[in-house]
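In: Following is a predicted model, sequence given first.
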Amino acid sequence: MGYMASVDADKCIGCGECIDICPVSLYELVDGKSVAKNPEECLGCESCTGVCEQDAITITEA
């Protein structure tokens, strides 16, 4: 079973905290917002959701 990461662009403020903490370098900034470049590579560790103060990241089981 895998996981899928998604970022709500309306909530994301582009702080980059998710980029810094993700162990698989899943996120990148695009036009000032964080984007999950390969969302299916998510490990499900939820480190990113823990640092996102905007609650912009959702991790779901794929």
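Out: Nice, thanks for sending it over.
In: Distance-wise, check Val26 relative to Val35.
Out: I think there's a mix-up here, since residue 26 is Leu and not Val. Going from Leu26 to Val35 by C-beta to C-beta, to the nearest Å gives 9 Å. C-beta here means a position set from N, CA and C on the backbone, and glycine is covered the same way.
In: same deal with Cys45?
Out: According to C-beta to C-beta, Cys45 and Val35 sit 19 Å apart.
In: Give me the more crowded residue out of the two.
Out: Val35 (17 against 14; other C-beta atoms under 10 Å).
In: list the contacts for the nearest residue to Lys11 once chain neighbours are set aside?
Out: The shortest distance from Lys11 to any residue other than its chain neighbours is 3.7 Å, reached at Ala56 (C-beta to C-beta, 6 or more residues apart in numbering). Counting by C-beta atoms under 8 Å, 6 or more residues apart in numbering, Ala56 touches 7-9, 11-13, 34.
In: Recalculate using a threshold of 10 Å.
Out: 6-15, 18, 33-34, 48-49 (C-beta atoms under 10 Å, 6 or more residues apart in numbering).
In: Then Glu61?
Out: 1-4, 44.
In: give me the number of residues near Lys33?
Out: With other C-beta under 10 Å as criterion, Lys33 counts 16.
In: I figured it was touching Asp10, is that so?
Out: Yes: using C-beta atoms under 10 Å, Lys33 and Asp10 qualify as a contacting pair, with a distance of 9.3 Å.
In: Strands of this structure, start to end?
Out: Using DSSP state E, the strands of the chain run over 3-7, 27-30, 33-36, 57-61.
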